[in-house]
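S.K.: Test case, fold it:
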Amino acid sequence: MSYRELATRPVLAWSAVAVAARLPVAMAPLALVFLVREQPGGYTLGAVLAAAYVVGEIVAAPVLGVRMNAERARPQIAVGLAAGAAAFAGLGAAGGAAHPVLLGALAFLAGAGPSAAPGGMRALLTSLVPERAVTQAMSMESVLTFGIWAAAPALTTGLALGVDPVVPLLLQAALMALSVAGLWLLPYGWAAEKPEEGVSMRRVLLRAWPVYVTGAAGLTLLALAELILPALLEQRAIAIGWAGPLLAGFSVGSAVGAFAYGLRGSWPGRLPVQSAVLLAGVTAGVALTAVLPSTVGIAVALAAAGLLQAPAGLTRNLALRQVLPPGALAAGYSVMYAAVGAGYAASGTLAGGLLNVVAPSTAILCGVGLTVFLTALGVWGERRIPPREGGGETQVAATDAGPDAARKVRR
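M.R.: Numbering: from 1, shown residues only. I've put the predicted structure just below:
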């Protein structure tokens, strides 16, 4: 199936809602920093507010995701996005001079409220396309996401410095509220088989723990690339202003990689093998940035790492579809969202601590070691996941014959 076949009214409506819902998320950390930067200790407080926002996402995503009803998902997603819109509006109305406790509570709510929306939206997207087009749909989603994250910093900075620091927060509130209204262009939910009798949702989700571990491994590398790069450039006597363009190259490479992965309906090898190979390539690219002395070399290494990073993430989301039943997919995606956020935070914390005692290049290599360990653990665990009847890639051939035929397909 080609990307052109995704150009349907439901998928285009989903894309518009996704942009309105996710752009505020991408803008949030930097917008919180700008909101309070002119206050005493502004940058420190900004970092605390950004951390509160991320903690809200990590804590709430699995909790809300587990409670999402697949067949009645739209109202639950709408409530979460509405809570996020209200929190962003509160931050904008309060302004940077408000009490830090109030700002922290609002930042936490802004992260927590819509945290299950990405998982629910992804499950909605895959319900809008035939099974044979799921890879292309997820690739399109990944390209869209990287585009949003590439544009968000410039938009946030321009509005905060050129207009007023509260403007990005108010725009975020308006966009998220708009996404709530746009949800009514999408289905109420998606069809889901009833869970096995006597099997809890938590037990079903726990079965996929190796997939979450390898997902977290991929984001540890992204944290290394983003958080240590400025210090590495200083170590190499390279102008720190190159950090922005170099990270933009990483994002562009990721978008290209996601698009290229979706050009084919399937790739050689099982998804766990694909993931391990891709993560090994990303790991090598990030490790090279620690040893290459020139700007050009670092740029090429980061772009190559980005090219493989997005497909690695895609294989993890596709792997969840093989392991989890349809009714648990939104919850599984939400747990993955929390896991990769935790991986990012853990790697960032490790890197920050190491920078106090070792050179930036050494800190990167230590983080690479953590990634290798997590990848190995995930691959080991994934080999022991029992196959799910009717799940995964073997459904593709039967889907066009109708749902009844698809149910009869076995691994």
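
S.K.: Next up, the contacts around the closest residue to residue 43 other than its chain neighbours.
M.R.: Spatially, and ignoring its direct neighbours in sequence, residue 43 is nearest to residue 37 (6.0 Å; CB to CB, 6 or more residues apart in numbering). Heads up, the C-betas are built off the backbone N, CA and C, glycines and all. Contact analysis of residue 37 by CB atoms under 8 Å, 6 or more residues apart in numbering lists 43, 46, 96, 165.

S.K.: Generate a markdown table for those, with secondary structure and pLDDT as supplementary columns.
M.R.: Formatted as a markdown table, those follow (DSSP: H, G, I helix; E, B strand; the rest coil; pLDDT from 0 to 100):
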| residue | secondary structure | pLDDT |
| --- | --- | --- |
| 43 | helix | 72 |
| 46 | helix | 83 |
| 96 | coil | 76 |
| 165 | coil | 90 |
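
S.K.: Mind giving me the ChimeraX command for buried ones among those?
M.R.: Of the contacts of residue 37, the buried ones go into a single ChimeraX selection, burial set by 16 or more other CB atoms under 10 Å:
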select :46,96,165
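
S.K.: Looking at the contacts of residue 37, which is nearest residue 25?
M.R.: Comparing those against residue 25 with CB to CB places residue 46 closest, at 17.0 Å.

S.K.: can you pull the contacts of the closest one?
M.R.: Contacts for residue 46 (CB under 8 Å, 6+ apart) come out as 32, 33, 34, 35, 36, 37.

S.K.: what two of those are the furthest from one another?
M.R.: 32 and 37 (9.6 Å).

S.K.: Check what pLDDT the residue nearest in space to the middle of the chain gets.
M.R.: Central residue of the chain (CA atoms, centre = their mean): residue 337, 5.8 Å from the mean position. Residue 337 carries a pLDDT score of 85 in this model.

S.K.: Pass me the low-pLDDT residue ranges in the stretch 101-250 of the chain, would you?
M.R.: For the stretch 101-250 of the chain, applying pLDDT under 70 flags the ranges 192-199.

S.K.: Next, count neighbours for residue 147.
M.R.: Residues lying near residue 147 (other CB atoms under 10 Å) number 18.

S.K.: what's the helix or strand for it?
M.R.: Using DSSP states H and E, residue 147 falls within helix 134-162.

S.K.: what comes up buried for that helix?
M.R.: Buried residues in helix 134-162, counted by 16+ other CB under 10 Å: 134-150, 152-153, 155-156, 159-160.

S.K.: what's the answer for stretch 206-223, then?
M.R.: Residues of stretch 206-223 classed as buried by neighbour count (16+ other CB under 10 Å): 207-223.

S.K.: what's the answer for stretch 369-388, then?
M.R.: For stretch 369-388, burial by neighbour count (16+ other CB under 10 Å) applies to 370, 371, 372, 374, 375, 377, 378, 379, 381, 382, 385, 388.

S.K.: what would those look like in CSV with secondary structure, distance to residue 343 and pLDDT?
M.R.: What follows is the buried residues of stretch 369-388, written out as CSV (DSSP: H, G, I helix; E, B strand; the rest coil; distance: CB to CB, whole Å; pLDDT from 0 to 100):
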residue, secondary structure, distance to residue 343, pLDDT
370, helix, 9, 84
371, helix, 9, 85
372, helix, 13, 89
374, helix, 7, 88
375, helix, 11, 88
377, helix, 12, 90
378, helix, 11, 88
379, helix, 16, 86
381, helix, 15, 87
382, helix, 16, 83
385, coil, 20, 75
388, coil, 25, 61
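
S.K.: if we can go back for a sec, list the contacts of the residue nearest to the centre of the chain.
M.R.: 57, 61, 65, 115, 118, 119.

S.K.: I'd like to know how far it sits from residue 93.
M.R.: 28 Å (CB to CB, to the nearest Å).

S.K.: Over to residue 67?
M.R.: Residue 67 is 29 Å from residue 93, by CB to CB.

S.K.: repeat for residue 347
M.R.: 35 Å.

S.K.: more neighbours, those two?
M.R.: residue 347 (28 against 13).

S.K.: Surely the more buried one is in contact with residue 225?
M.R.: No. Taking CB atoms under 8 Å as the definition, residue 347 is not a contact partner of residue 225, at 9.9 Å.

S.K.: give me the low-pLDDT residue ranges for the stretch 301-411 of the chain?
M.R.: The stretch 301-411 of the chain contains residues with pLDDT under 70 at 386-411.
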